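Engineer: sequence and predicted structure below; questions after.
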Amino acid sequence: MSNKGQIEEYRIAVQTSLDKLLAQLATIEFDDVAEQAKQPITSAQLSERIAVLIETCDDGDPDAKQLIEELHQFELSREQQRRLKKASNLLDDYEFDGAIEQLKQLA
């Protein structure tokens, strides 16, 4: 068998394997998996965490970013997720006052 023939056989084998893999990947619902992993949080617990986060931001503490990341593990409404993301982006730019405003509207 020539090199071209072997190469074509390998190409077909790889393509077949990739097609199977892609078909399997298409059946995974990533959003559902991510949502299932999130923990519930009560309004009181969220308010307490937000209060600590606001105090941390008010102090200009860069650890505020870590505290925001920890909130991502909890079930939050889409609006709360949006505000949390906006606060996180503001902290990336060291805009602590803007982040505080977003956080106040979170709880």
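Structural biologist: Arrived safely, thanks for sending. Everything numeric here is computed off the predicted structure, so don't read it as measured data.

Engineer: just the pLDDT for the residue positioned nearest the centre of the chain.
Structural biologist: A centroid search over the chain (C-alpha atoms, centre = their mean) returns H72, at 6.8 Å, as the residue closest to the centre. At H72 the predicted local confidence, pLDDT, stands at 87.

Engineer: excluding sequence neighbours, find me the nearest residue to it.
Structural biologist: Sequence neighbours aside, L84 is the residue nearest to H72 in space, at 7.3 Å (criterion: C-beta to C-beta, 6 or more residues apart in numbering). Yep, even glycine has a C-beta here, placed from its N, CA and C like the rest.

Engineer: please compute how far the lengthiest helix in the chain lies from its chain's middle.
Structural biologist: If you go by DSSP state H, the chain has its longest helix at helix 3-26. Centre-to-centre, helix 3-26 and its host chain are 33 Å apart (C-alpha atoms, centre = their mean, to the nearest Å).

Engineer: was I right about the residue nearest to the centre of the chain contacting A87?
Structural biologist: No - when contacts are counted by C-beta atoms under 8 Å, H72 is not listed as touching A87 (11.6 Å).
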